[in-house]
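Chemist: Let me see the structure of the following:
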Amino acid sequence: MDPFHHPSGGSITCKWCSFKPSEVMFENAKLCLTCHDKALLAVQNPRLCEECNAIFTEENVTRSLFSEYGYSHLSRNALESSAERGCGLCRMFLLQDPNPDERRLQMSLSLFAEGSLSDDGCTVDINSLYFSSEPDMFKLKLSVAALDDNAKMITSQSPIEKDLGDDNTIVQAQNWLSECLTKHSESTSLKDDLPGNRKPFPTRVIDVGTNSSSVAKLFQPSDTIYDDYVTLSYCWGRTRFLTTLKSNLEEHFRGLEEAKLPQTFVDAIKTTRKLGFRYIWIDALCIIQDSIEDKIIEIGNMENIYSNSTLTIAVVNAPSVMEGFLKTKPRLSVDVPCRSPNGGPGTIKISPQVEVDMWQQPLYTRAWCLQENLLSARMLLFTNTEVLWQCRSHPILRPSTTHVEYLYENPNLASSPFGRIPDSVTVEKSQSSVSPELEYERYKAWHHTVQNYTKRNLTVLSDRFPAISGVAQKFKDAWENEYFAGVWKPHFLASLTWRRTSSWQGPADKYWPPLKEYRAPSWSWASIEGPIEFDWRLDLGNMRGLGAKLISCEVVPLRNQASLGEVKSGRAVLEASLIPGRDLPNRGIAGLDAETYRIGGTLVLDNHEEDRWPGPGRAHLLSQGEGLMENSVGMLLGEGRDGGGKMTSTTVLVLMPVEGEVDTFRRVGFWSTSHKGTSKMWVGAGKRKTFTII
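Modeler: A predicted model of the protein is given here:
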């Protein structure tokens with residue numbers, strides 16, 4: 001740790017002694033030289049204090065962890081002194097404490113346990129400890145694990161494995177898979193003799209052989225071969241690595257040299273063998289990367305590739321294929337002594353519980369990986385700590401430990417990364433038998449998927465449609481409905497309520513760069529960059545009679561063989577009421593009457609910095625705002641309920657005329673207001689028209 005210098009009399013304070021040194025501090029630790037030397041000596045000569053040593057060695061102390069008042073530990077100042085003398089557990093408390101206020105907690109602090117205590121108080125099974133620094137404010141949670149048989153009499157938890165390819169993890173994964181295949185209702189044995197249950201192979205797979213000495217090689221099975229296979233979901237990263245090209249295709253059929261493969265592929269091949277499978281599909285090796293024709297065919301078959309695989313290995317934490325996924329990340333920990341109920345000595349490992357937001361993990365930030373997750377029947381999620389299970393019956397299963405806490409873990413929450421597409425929306429039904437309730441479920445499932453998808457990153461921006469085409473194909477097979485550039489025909493009008501997400505706080509020109517080439521019709525959410533959200537106030541269930549009507553729609557794919565992929569052009573013919581854009585209620589534009597001035601509203605421009613007209617006190621217009629609205633028209637999309645009461649919302653598309661074309665427009669923004677009766681502005685002779693949006 002290198003010291004850094006700051007001006008004499010600087011305001012930086014030593015974390016331990018509260019001294020404000022005039023010259024030198026250690027930046028990462030926030031310690032002065034004296035305290036840093038003490039800390040270094042303590043690290044080199046660790047020694048538990050009496051209070052920490054007693055936690056698991058004295059029965060009355062261990063039982064008190066489950067009492068109302070817990071185990072009375074040290075005060076904040078005493079913790080600091082103990083840490084200086086070398087107590088690693090006290091130091092762990094200090095490092096994890098989120099409140100450094102020195103004026104608080106001069107009295108003894110209480111330590112509690114989570115787990116179970118027998119009725120007679122003689123046996124315990126502790127999952128974790130928490131240090132209640134401020135009651136009802138937060139808990140510093142520490143995970144515990146047994147390092148020997150005597151310690152297992154106090155906690156049944158095992159420590160984090162150093163290698164996720166070890167026998168314990170593989171056996172757990174095999175048990176999860178076996179239970180799913182034999183007991184879960186959605187599973188069908190791939191070895192069933194009935195032809196209808198046989199799942200065809202992808203065009204190519206990797207044959208990993210039957211033992212660890214086998215040479216993995218690319219394999220192109222015949223149409224008559226049916227067998228279980230595994231798929232891989234991972235992040236490529238930006239480092240160049242070995243892929244299959246026209247020039248090395250034949251070489252890869254002869255064998256894949258392990259030394260040339262990135263670590264993630266090596267780990268995936270090893271895991272496939274250990275799980276008892278012979279074949280794995282890896283896109284970089286099974287698709288000819290410099291063949292446009294082959295990529296179109298294989299991307300178009302993505303829905304079948306992942307849906308038909310028995311299992312998907314998902315690499316959650318690695319941002320690059322070069323990193324691998326079997327080695328766990330080292331963690332801060334302290335070994336403390338314990339004494340079992342029979343008097344035998346043992347050792348317990350204590351470490352801070354890891355809090356993980358899956359949305360921030362590399363796999364969950366990549367657009368291509370979303371459909372791989374949603375299409376897979378079963379997944380093994382390899383994190384840098386443990387392996388999780390996911391299938392339709394169990395969106396998340398995890399080892400019986402408390403080493404990790406996952407945010408938004410409940411899969412029933414819309415914000416949960418473990419949510420699955422409901423089976424009900426992917427069941428094939430003829431359109432005549434689809435109830436309004438089911439149609440609404442389909443609408444929600446697709447729009448939540450799109451909102452999730454657009455938050456993710458794409459290296460190649462033109463992949464906006466291809467990277468979600470597998471999910472679109474799955475829905476298309478079940479729904480037998482028309483799909484127009486990311487929008488389904490039954491949901492077309494409600495799908496026009498998209499707008500740039502309101503949660504982004506950074507510079508718009510950084511997050512939504514202007515598109516340099518055509519990608520989608522302006523009415524499609526895919527016509528802009530960055531995350532979008534839908535206005536759920538106007539949906540299939542509450543549209544009113546004033547709303548717009550879809551007359552027809554046509555989309556021309558860039559390539560005929562990829563109908564769900566890139567788009568060449570698109571036109572939608574609608575019937576709706578139009579008014580000049582300058583008449584939209586907007587505070588701050590001269591010439592509006594008092595009523596319009598009072599109404600206000602919110603305008604979000606599609607490809608520009610957000611421009612809001614919220615009402616009194618927050619009026620704001622871009623320099624281009626007045627000119628934009630002067631030339632635009634406002635198309636009434638519909639009026640719907642706003643919340644559970646009688647409040648209504650009016651939603652409007654802002655359109656600009658296309659030069660040289662009659663009654664043809666491009667969408668440039670979305671306007672809405674919750675003021676009652678606003679839609680009356682669109683009532684009147686000559687306002688209802690038929691026109692085209694491109």
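
Chemist: so Arg76 makes contact with Phe131?
Modeler: No: judged on CB atoms under 8 Å, Arg76 makes no contact with Phe131 at a distance of 11.0 Å. All C-beta spots, glycine's among them, are computed from the backbone N, C-alpha and C.

Chemist: tell me, what's touching those two both at once?
Modeler: Shared contacts of Arg76 and Phe131 (CB atoms under 8 Å, 6 or more residues apart in numbering): Leu109.

Chemist: Can you pull the phi/psi pair for the nearest residue to Pro159 once chain neighbours are set aside?
Modeler: In space, Pro159 comes closest to Ala145 once its chain neighbours are excluded; the distance is 3.9 Å by CB to CB, 6 or more residues apart in numbering. Dihedral angles of Ala145 (phi, psi; degrees, to the nearest 10) stand at phi -150, psi 140.

Chemist: Could you count how many residues lie near Ala145?
Modeler: Using other CB atoms under 10 Å, Ala145 is surrounded by 22 other residues.

Chemist: end-to-end on stretch 217-228?
Modeler: With CA to CA, to the nearest Å applied, stretch 217-228 spans 17 Å between its terminal residues.

Chemist: who touches it?
Modeler: Contact with stretch 217-228 is made by 190-191, 198-201, 203-207, 244, 249, 252-256, 277-279, 285-286, 310, as judged by CB under 8 Å, 6+ apart.

Chemist: got the buried residues for that stretch?
Modeler: For stretch 217-228, a neighbour-count test (16 or more other CB atoms under 10 Å) marks Leu218, Phe219, Pro221, Tyr226, Asp228 as buried.

Chemist: which one is the last one nearest to, not counting chain neighbours?
Modeler: The one in question is Asp228. Thr310 (4.2 Å).

Chemist: Could you tell me which other helices and strands the lengthiest strand in the chain packs against?
Modeler: Determined from DSSP state E, the single longest strand within the chain is strand 567-580. Judged by 3 or more CB pairs under 8 Å, 6 or more residues apart in numbering; DSSP states H and E, the packing partners of strand 567-580 are strand 549-557, strand 633-641, strand 688-693.

Chemist: Tell me which of those sits most buried.
Modeler: By mean neighbour count, with neighbours taken as mean count of other CB atoms under 10 Å, strand 633-641 ranks first of the helices and strands packed on strand 567-580 at a mean of 23.

Chemist: Adjacent strands (with direction) for it?
Modeler: Neighbouring strands of strand 633-641 in its sheet, by DSSP bridges, are strand 567-580 (antiparallel), strand 648-657 (antiparallel).

Chemist: Where does the prediction get shaky in the stretch 201-350 of the chain?
Modeler: The stretch 201-350 of the chain contains residues with pLDDT under 70 at 224.

Chemist: Try it again at 80.
Modeler: In the predicted model of the stretch 201-350 of the chain, residues 223-226 satisfy pLDDT under 80.

Chemist: Quick check, central residue of the chain?
Modeler: Centrality entry for the chain: nearest residue to the mean C-alpha point is Trp359, 3.1 Å, by CA atoms, centre = their mean.

Chemist: Without its sequence neighbours, what residue ends up closest to it?
Modeler: Per CB to CB, 6+ apart, closest to Trp359 is Pro417, 5.6 Å.

Chemist: in a strand, that's where that neighbour is, yeah?
Modeler: No: the assignment for Pro417, made by DSSP: H, G, I helix; E, B strand; the rest coil, is coil rather than a strand.

Chemist: That one: how many residues sit nearby?
Modeler: 25.

Chemist: ok, it - contacts?
Modeler: Met358, Trp359, Tyr364, Tyr408.

Chemist: Quick check, the first one in contact with Leu407.
Modeler: Yes: checked against CB under 8 Å, the pair Met358 and Leu407 is within contact range at 7.3 Å.

Chemist: more crowded one of these two?
Modeler: The residue with more neighbours, out of Met358 and Leu407, is Met358; 20 against 13, by other CB under 10 Å.

Chemist: tell me the phi and psi of the more buried one?
Modeler: Main-chain torsions, Met358, degrees, to the nearest 10: phi -60, psi -30.

Chemist: can you pull the contacts of it?
Modeler: Listed by CB under 8 Å, 6+ apart, the contact partners of Met358 are Val316, Tyr364, Tyr406, Leu407, Tyr408, Pro417, Phe418.

Chemist: Look up phi and psi at the fourth one.
Modeler: In this entry, Leu407 is assigned phi and psi values of phi -70, psi 150 (degrees, to the nearest 10).

Chemist: ok, now which ones touch it?
Modeler: With contacts defined as CB under 8 Å, 6+ apart, Leu407 is in contact with Glu355, Val356, Asp357, Met358, Trp359.

Chemist: Which helix runs longest in this structure?
Modeler: If you go by DSSP state H, the chain has its longest helix at helix 436-454.

Chemist: List the buried residues in that one.
Modeler: By neighbour count on 16+ other CB under 10 Å, the buried set for helix 436-454 is 439-440, 442-447, 449-454.

Chemist: can you check stretch 572-590 too?
Modeler: Counting neighbours by 16+ other CB under 10 Å, the buried set in stretch 572-590 is 572-574, 576-579, 581-587, 589.

Chemist: Domains in the chain, by residue range?
Modeler: The record assigns the chain these domain ranges, following automatic domain parsing: 1-45, 167-328+356-418, 482-693.

Chemist: The longest one: end-to-end distance?
Modeler: Length of domain 167-328+356-418, first residue to last, CA to CA: 26 Å.

Chemist: Also the last one?
Modeler: Between the opening and closing residues of domain 482-693 we find a distance of 18 Å, counting by CA to CA.

Chemist: related to what we said a few turns ago, with respect to Tyr483, which of the contacts of Pro417 is nearest?
Modeler: Tyr364 (25.3 Å; CB to CB).

Chemist: Am I right that that closest one falls within a helix?
Modeler: Yes: the assignment for Tyr364 is a helix, going by three-state DSSP.

Chemist: Just the pLDDT for it.
Modeler: We have a pLDDT of 96 for Tyr364.

Chemist: next one: Val683
Modeler: 88.

Chemist: give me the number of residues near it?
Modeler: By the criterion of other CB under 10 Å, Val683 has 11 neighbours.

Chemist: That one contacts Glu639, doesn't it?
Modeler: No: contact criterion CB under 8 Å: Val683 and Glu639 do not qualify, at 11.3 Å.

Chemist: distance of Tyr408 from Val356?
Modeler: Tyr408 sits 10 Å away from Val356, going by CB to CB, to the nearest Å.

Chemist: So for the two, which sits in the more crowded spot?
Modeler: Higher neighbour count among Tyr408 and Val356: Val356, with 19 against 15, using other CB under 10 Å.

Chemist: Can you classify the nearest residue to Leu603 once chain neighbours are set aside by secondary structure?
Modeler: In space, and not counting its chain neighbours, Leu603 is closest to Trp671: 4.7 Å by CB to CB, 6+ apart. Here Trp671 is strand, with the state taken from three-state DSSP.
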